[in-house]
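*Asks:* coords please:
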Amino acid sequence: MNYAAQPEWRTIQTYLPEAFRMTDETAPTEEWWDHRGHRIHLDTYRNPQAPVKVILFHGVGTNGRQMSTILGRPLATRGYETIAIDMPTYGVTETAPDALVTYDDWVAIGSDLIDAERAEDDRPIVLYGLSAGGMETYHVAALNRHVAGIVGMTFLDQRDRRVRVETAFDPVSGLLGAGVMATLARTPLRGMRLPMRLVSKMRTLVNDRAAKRACYADKTSAGNSATVAFLHSYMAYQPAIEPEDFDICPVLLTQPAADRWTPLHLAEPFLSRIRRVPVTTVMLDNAGHYPLEQPGLDQMVAAVTEFCIERIAR
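*Replies:* Reported below is the predicted structural model:
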């Protein structure tokens with residue numbers, strides 16, 4: 001299946017301002033990238049004349065098409081090349097048969113995609129990530145070391161107890177979940193799938209109730225499930241570079257001001273440890289975790305555009 005044949009994203013985008021809704025004429029080109037047995041889906045707005053490429057990472061409640069709607073296409077209309085990836089088990093990517101996908105795999109795939117794009121040309125690459133994808137931009141940059149900048153819609157270090165407690169389904173699962181997952185990951189139950197809405201605070205993905213129902217109905221994004229192995233690796237991931245030593249590129253946090261899942265105070269402890277490169281925060285007024293609202297959406301596009309301009313000028 002591809003997104004041209006998938007109705008769920010079309011329903012979700014009806015809750016976006018009209019200017020952010022795609023038509024068949026403005027939808028991205030759908031590409032497929034074969035990687036270690038996976039047939040990985042890429043939403044692309046290719047532009048050989050663009051000065052910067054932006055690779056967009058979804059989180060555990062979204063997919064690549066949802067990244068294309070809120071940022072991929074808006075950036076493309078401003079002259080940037082954008083690539084939104086569906087990580088294995090999300091979106092319309094075809095996961096390798098019998099693969100037990102972990103978060104470590106997501107980070108490695110992100111790094112390999114950068115290498116594949118850099119093999120084509122030497123234009124600077126900026127990473128953008130929403131929710132769990134925000135921290136993924138950091139993890140990928142730390143592993144790959146060849147990016148010009150990273151933008152996160154929150155940076156959540158799941159090794160931090162407070163982050164786990166406040167982003168889990170409830171405080172009890174937040175306190176106990178990491179240990180339980182670590183234990184189960186060493187058993188045959190590591191392949192057991194758990195609905196993400198029951199292990200995380202997915203109920204706060206969007207602030208519009210009808211939009212939330214539409215997101216839950218999408219089994220390739222908010223309605224998806226994850227294995228015990230993935231959840232354990234996500235919560236226990238060790239970055240290639242700790243923040244105190246991170247000197248790869250500037251960092252931008254675009255923080256939704258009305259985010260009820262991952263408010264600003266959860267990103268600040270991690271970002272405060274990054275001192276060797278510039279770290280900037282831009283608040284997005286009225287915007288929820290997956291932002292559907294104005295003026296936050298326009299503020300996000302403007303902030304990322306300015307960030308890309310600064311990367312060109314380096």
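
*Asks:* switch to C-alpha atoms for all contacts and neighbour counts from now on
*Replies:* OK.

*Asks:* Buried residues, stretch 64-73. List them.
*Replies:* By 16 or more other C-alpha atoms under 10 Å, the buried positions in stretch 64-73 come out as 64-73.

*Asks:* do stretch 195-206 as well
*Replies:* For stretch 195-206, burial by neighbour count (16+ other C-alpha under 10 Å) applies to 196-197, 199-206.

*Asks:* closest to Glu293 among the buried residues of stretch 64-73?
*Replies:* Ranked by distance to Glu293 (C-alpha to C-alpha), the buried residues of stretch 64-73 are led by Ile70 at 10.3 Å.

*Asks:* correct me, but that closest one touches Gly296?
*Replies:* No: using C-alpha atoms under 8 Å, Ile70 is not in contact with Gly296, being 10.7 Å away.

*Asks:* Tell me where the protein has helices.
*Replies:* Listed in chain order, the helices of the chain (DSSP state H) span residues 8-13, 64-67, 73-77, 103-120, 132-144, 161-167, 171-184, 196-199, 209-216, 228-236, 264-271, 296-313.

*Asks:* okay if I get those as CSV plus mean pLDDT and distance to Thr44?
*Replies:* Formatted as CSV, those follow (pLDDT from 0 to 100; distance: least, C-alpha to C-alpha, whole Å):
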stretch, mean pLDDT, distance to Thr44
helix 8-13, 98, 16
helix 64-67, 98, 10
helix 73-77, 98, 9
helix 103-120, 98, 12
helix 132-144, 98, 18
helix 161-167, 93, 31
helix 171-184, 85, 35
helix 196-199, 93, 27
helix 209-216, 97, 22
helix 228-236, 96, 27
helix 264-271, 97, 29
helix 296-313, 95, 17
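
*Asks:* Lys212: how many residues sit nearby?
*Replies:* Lys212 is flanked by 18 other residues according to other C-alpha atoms under 10 Å.

*Asks:* got the contact list for it?
*Replies:* Applying C-alpha atoms under 8 Å, 6 or more residues apart in numbering to Lys212 gives the contacts 203, 205-206.

*Asks:* try 7 Å
*Replies:* Contact analysis of Lys212 by C-alpha atoms under 7 Å, 6 or more residues apart in numbering lists Val206.

*Asks:* so what pLDDT did Phe314 get?
*Replies:* One correction, residue 314 is Arg, not Phe. On pLDDT, Arg314 comes in at 65.

*Asks:* re earlier: in CSV: the helices of the chain, plus distance to Lys53.
*Replies:* As requested, those are exported to CSV (distance: least, C-alpha to C-alpha, whole Å):
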stretch, distance to Lys53
helix 8-13, 24
helix 64-67, 15
helix 73-77, 10
helix 103-120, 9
helix 132-144, 14
helix 161-167, 31
helix 171-184, 36
helix 196-199, 31
helix 209-216, 28
helix 228-236, 26
helix 264-271, 24
helix 296-313, 9
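
*Asks:* between these, which gets nearest to His41?
*Replies:* Here helix 64-67 is closest among the helices of the chain (C-alpha to C-alpha), at 8.4 Å.

*Asks:* got the contact list for that closest one?
*Replies:* So helix 64-67 is contacted by 43, 56-58, 84-86, 91 (C-alpha under 7 Å, 6+ apart).
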